[in-house]
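1. what would the 3D arrangement of this be:
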Amino acid sequence: MKNILLPGLEKQSEFLQKNLSTKIESALVIGSASENLAGLISQKYECKVDLIVEDFESLMNAKMFMDERLNVNVSLMNFDLTDFADESFDLVYAQASISLKKRNKIIKEIKRILKPNGFLCVGEIVALKKDVPQFVKDIFDSSNLSPLFIDEVENYYKERNFKIAEQKNLTSTLKEYYNQCSELLKNRKEELTEQEQSFYKKLINKVSHESNAYLKLGGDKFIGFRVLLLKKGDK
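-> Residues are numbered from 1 along each chain as shown. Sure, this is the predicted structure:
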């Protein structure tokens, strides 16, 4: 499996493939640095995949590194206001990309574009405690995150008429994820090609201070990651 440098690493994709064997004709992947994920889903389910990002740099990086042989289309769109028609997708996949302050609007949009009985595979950055220290709040704010408390994730989606097919706590992947980011930042920057530096630049800048806070300042006690496979309800 190709390297996935996102919270959850390759474990969320493995979780999806293990738990979803339904025929998929069209899928949407949401979020920057998700090119490998889009390609894997296209190959696994032999389906057309759309990948959307919200900024121009991510769009250019995605187009640069996407394998043109794969059935993946990359577009620039707001996650909470896409150009897709109602009931367009059998599957929407989001890995650490929608745990945002505008999550409610994004989920409403996902419900609109999901087909009846369609699936949402979502990886959520979560808070392991209801009260978190200021340095953790600063991490969340700097990334425009609004994490749910880990014990409230199920009810959040049930209240929005999703049925939980499967779920898994992937908090254990975060230490490896932040270690990989830290290693890339400290030791491999000079080894990267110009294209690779462009690809990783935004991600490295975003997580450099997060890595230090998670690995050295005790952030691991407050930041978690949970993946859910959800089925859209009838309403």
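2. and the lowest mean pLDDT element among the helices and strands of the protein?
-> Across the helices and strands of the chain, mean pLDDT, DSSP states H and E gives its lowest value to helix 194-216, namely a mean of 70.
3. pick out the residue closest to the middle of the protein.
-> Centroid-nearest residue in the chain, with C-alpha atoms, centre = their mean: Gln95, separated by 1.6 Å.
4. wait, what's in contact with it?
-> Gln95 is in contact with Ile4, Leu6, Pro7, Gly8, Gln12, Ser13, Gly31, Ser34, Leu37, Val122, Gly123, counting by C-beta atoms under 8 Å, 6 or more residues apart in numbering. Using the backbone N, CA and C atoms, a C-beta is placed for each residue, glycine as well.
5. could you find the closest non-adjacent residue to it?
-> Spatially, and ignoring its direct neighbours in sequence, Gln95 is nearest to Gly123 (4.3 Å; C-beta to C-beta, 6 or more residues apart in numbering).
6. would that neighbour count as being in a strand?
-> Yes - according to DSSP: H, G, I helix; E, B strand; the rest coil, Gly123 belongs to a strand.
7. I figured it hits Val153, correct?
-> No - when contacts are counted by C-beta atoms under 8 Å, Gly123 is not listed as touching Val153 (10.8 Å).
8. which one of the two has more residues nearby?
-> Higher neighbour count among Gly123 and Val153: Gly123, with 28 against 21, using other C-beta atoms under 10 Å.
9. quick one: the more buried one from Phe135, how far?
-> Separation of Gly123 from Phe135 (C-beta to C-beta, to the nearest Å): 23 Å.
10. now the strands for the protein?
-> For the chain, the strands defined by DSSP state E occupy 26-30, 48-53, 72-76, 89-95, 114-127, 148-149, 162-169, 223-232.
11. so where's the chain shaky on pLDDT?
-> Counting by pLDDT under 70, the chain shows low-confidence ranges at 1-2, 187-207, 235.
12. if you set the cut-off to 80 instead, what comes out?
-> Under the criterion pLDDT under 80, the flagged ranges of the chain are 1-3, 65-69, 182, 184-209, 234-235.
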